[in-house]
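K.L.:
Based on what follows, work out the 3D shape:
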Amino acid sequence: MRILGVASATAALALGVAGQALACNISEFKAEAKCDGDKGVIVVTDYDASATPAEITVFLENNGADAKQVGEPQKVKGSADGTTVTFQEAWKPNATYRVHVKAGRVDNDITPNLVTQSTACKKEESSTPTAPASPSPKPKPSKSTPASTPTPSASESTSSAPAAPASNAPSPATGDSNLAETGANSNTGLIAGVAGALVVVGGGAVYFGMRRRGAKAGS
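P.N.:
You can find the predicted model right below:
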């Protein structure tokens, strides 16, 4: 009987140790920030071989306080190979998340808190505006000397000379061209005076000659 009692106690102790070994532990949970294409996700893996049902809740932290809860709590049963649950979250680089696990006797946070990568899943487009293409330089005006105005030839100047304005004085007749050439400065007056004197002298000579004839005839 004593031997049977010792054997029973040994078996119970062994089962207790084995049960403790298979019990859920917070160290069997792991949280990671990953990328699903261009989208961010938070993946929690449960490595609890006892397959104890667990509930996972994720919170975004800000200055040591919960800023928001990410999605809804998710349930998971662990395995030796690991069972994962995924939370869709467009996390930002270097953000902090608190992951809480509640499974059996476990009601703790995964420590340390999850800190995301320093590079986002989707690269942000540069906000720097693209410099506009430089406009093509405008052609500068030529500084060449303007073509000089051609000087009209002698024939052109003669033909293009304006006609003299018509004079109001009557133009002399063709036959009076010689008279027009004699003006006040010519000898016309002197000649006329001499001719008149000659006429008078000739008339006097004729008169005296006739008287003398008549006198001779009467004697």
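K.L.:
Surely residue 198 forms part of a strand?
P.N.:
No: secondary structure assignment places residue 198 outside any strand; it is helix (DSSP: H, G, I helix; E, B strand; the rest coil).
K.L.:
so what's residue 93 up against?
P.N.:
Taking CB atoms under 8 Å, 6 or more residues apart in numbering, we find residue 93 in contact with 116, 117, 118, 119, 120. Every residue, glycine included, has its C-beta placed from N, CA and C.
K.L.:
Can you show me the helices along the chain?
P.N.:
In order along the chain, the chain carries the following helices (DSSP state H): 2-22, 154-160, 177-181, 188-218.
K.L.:
need the strands for this structure, in chain order.
P.N.:
Taking DSSP state E, the strands of the chain run over residues 29-36, 39-46, 53-62, 65-69, 74-77, 83-88, 96-103, 106-109, 114-115.
K.L.:
Are there helices or strands packed against the fourth one, and which ones?
P.N.:
What that stands for is strand 65-69. Secondary structure elements in contact with strand 65-69, counted by 3 or more CB pairs under 8 Å, 6 or more residues apart in numbering; DSSP states H and E, are strand 53-62.
K.L.:
now the strand it packs on against strand 29-36, angle please.
P.N.:
Relative orientation of strand 53-62 versus strand 29-36 (axes from the mean of the first three to the mean of the last three CA atoms, to 10 degrees): 60 degrees.
K.L.:
on that earlier part again, buried deepest among the strands of the chain, which one?
P.N.:
When you average the neighbours per residue for each of these (mean count of other CB atoms under 10 Å), strand 96-103 leads with a mean of 21.
K.L.:
Sheet-wise, list the partners of that strand with their directions.
P.N.:
Listed by DSSP bridges, the sheet partners of strand 96-103 and their directions read strand 53-62 (antiparallel), strand 106-109 (antiparallel), strand 114-115 (antiparallel).
K.L.:
still on that earlier bit, for the strands of the chain, give me JSON lines that also has mean pLDDT and distance to residue 211.
P.N.:
Output for the strands of the chain, formatted as JSON lines (pLDDT from 0 to 100; distance: least, CB to CB, whole Å):
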{"stretch": "strand 29-36", "mean pLDDT": "96", "distance to residue 211": "168"}
{"stretch": "strand 39-46", "mean pLDDT": "96", "distance to residue 211": "167"}
{"stretch": "strand 53-62", "mean pLDDT": "97", "distance to residue 211": "170"}
{"stretch": "strand 65-69", "mean pLDDT": "96", "distance to residue 211": "171"}
{"stretch": "strand 74-77", "mean pLDDT": "96", "distance to residue 211": "182"}
{"stretch": "strand 83-88", "mean pLDDT": "97", "distance to residue 211": "172"}
{"stretch": "strand 96-103", "mean pLDDT": "97", "distance to residue 211": "173"}
{"stretch": "strand 106-109", "mean pLDDT": "96", "distance to residue 211": "185"}
{"stretch": "strand 114-115", "mean pLDDT": "97", "distance to residue 211": "174"}
